[in-house]
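S.K.: Dropping the sequence and predicted coords here.
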Amino acid sequence: MNDGTNKPAIRRKLRDILAGMTDADRHAKSIAACSLLATTPEFAAASTVMLYMSTTLEVDIASLALKCWQSGKTVVVPRVSWDQRRILPVEISSLQTGMTTTGHGIREPDATAGKPIPTDLIDLVVVPGLGFSEQGYRIGRGMGFYDRFLAQPEFVGIPCGLAFSDQVVPEIPVLDHDMPLSMLVTDRGISRFSSNLISSR
Ligand SMILES: Nc1nc2c(c(=O)[nH]1)N(C=O)[C@@H](CNc1ccc(C(=O)N[C@@H](CCC(=O)O)C(=O)O)cc1)CN2
Ligand SMILES: Nc1ncnc2c1ncn2[C@@H]1O[C@H](COP(=O)(O)OP(=O)(O)OP(=O)(O)O)[C@@H](O)[C@H]1O
């Protein structure tokens with residue numbers, strides 16, 4: 001069945017897998033996955049990197065944010081605009097200060113913090129998700145925020161999924177609006193999906 005109707009069941013299964021991991025496992029795998037991402041030429045070449053404010057069940061991006069700042073990169077994270085049903089990239093210089101918590105316990109820069117950054121300046125987007133396929137597709141929280149973000153014509157960067165290896169599943173239903181990733185990094189390794197490269201979009 002590839003019509004997307006089983007997406008809720010896949011989300012439930014993936015949420016169970018994530019909840020079943022131990023904190024120690026999540027911590028070790030977060031460090032491993034972020035270290036691997038930091039070794040890639042795509043990361044080295046990026047001046048502006050879009051990260052996400054990780055929740056406890058997602059790969060913790062803290063070590064990656066520090067590497068970005070240490071090497072002089074600009075870090076942006078999403079702020080949800082409910083009016084526009086989109087995420088807006090906002091620059092941050094700390095993961096702690098100036099944050100507020102939205103629904104689902106997701107943190108984002110509060111109204112006083114964070115300068116909006118034009119989408120075309122983003123070189124690399126580190127994309128969270130509930131699950132990822134070996135073909136470079138992802139399933140998220142079901143609001144389509146990242147699909148809409150990555151589909152914008154002004155987005156010219158590289159979309160890179162970041163996940164625990166536990167989150168990689170053989171197949172994810174793909175609908176027309178689902179945006180493929182160019183890369184996927186987990187604690188087990190780096191995958192590149194040549195058919196999804198920007199030049200072919
Ligand atoms: N760490 C992290 N940040 C992320 C995402 C993510 O998956 N992980 N997102 C990935 O997309 C975006 C945020 N996604 C969100 C999805 C739902 C709600 C939320 O509050 N939902 C309400 C229902 C709102 C409505 O239906 O109008 C709720 O469930 O109460 C918030 C953020 C951007 N930031
Ligand atoms: N480019 C787009 N333009 C308009 N609507 C879109 C677009 N992409 C996705 N949507 C809508 O968003 C909704 C959720 O999509 P989907 O189930 O693929 O979310 P998801 O990728 O799992 O979630 P997310 O990206 O928020 O983590 C769908 O109803 C879809 O129609």
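M.R.: Right, received. Where do you want to start? Ligands and ions are numbered 1, 2, ... in the order given.
S.K.: Ligand 2 contacts on the protein?
M.R.: With the criterion set to CB under 6 Å from any ligand atom, the chain comes near ligand 2 through 7, 139-148, 151, 177-178. From N, CA and C alone the C-beta is placed, and that goes for glycine too.
S.K.: now these as TSV including pLDDT, neighbour count and secondary structure?
M.R.: Shown next, in TSV, are the residues of the chain next to ligand 2 (pLDDT from 0 to 100; neighbours: other CB atoms under 10 Å; DSSP: H, G, I helix; E, B strand; the rest coil):
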residue	pLDDT	neighbour count	secondary structure
7	93	16	helix
139	97	21	strand
140	96	17	coil
141	92	14	coil
142	91	10	coil
143	92	12	coil
144	95	16	coil
145	96	16	helix
146	98	23	helix
147	97	15	helix
148	97	15	helix
151	97	13	helix
177	94	10	coil
178	94	18	coil
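S.K.: so how far is the first residue of stretch 127-140 from its last?
M.R.: Stretch 127-140 has an end-to-end distance of 9 Å (criterion: CA to CA, to the nearest Å).
S.K.: Give me the residues contacting it.
M.R.: Residues from elsewhere that reach stretch 127-140 (CB atoms under 8 Å, 6 or more residues apart in numbering): 7, 10-11, 14-15, 18, 52, 54, 58-59, 141, 146-147, 150, 159-163, 167-174, 178, 180-184, 191, 193, 196.
S.K.: Could you tell me the phi and psi values at the residue most central in space within the chain?
M.R.: What sits nearest the mean C-alpha location of the chain, by CA atoms, centre = their mean, is residue 127, with 1.5 Å. Dihedral pair for residue 127: phi -100, psi 120, per degrees, to the nearest 10.
S.K.: Also residue 175?
M.R.: Residue 175 has phi and psi values of phi -100, psi 170 when expressed as degrees, to the nearest 10.
S.K.: and it, how many neighbours?
M.R.: 12 (other CB atoms under 10 Å).
S.K.: mind listing the helices for the chain?
M.R.: In the chain, the segments counted as helices under DSSP state H are 7-20, 23-38, 41-45, 62-70, 145-151.
S.K.: could you dump the ones you listed to CSV with distance to residue 91?
M.R.: Listed next are these as CSV, based on distance: least, CB to CB, whole Å:
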stretch, distance to residue 91
helix 7-20, 29
helix 23-38, 20
helix 41-45, 18
helix 62-70, 11
helix 145-151, 16
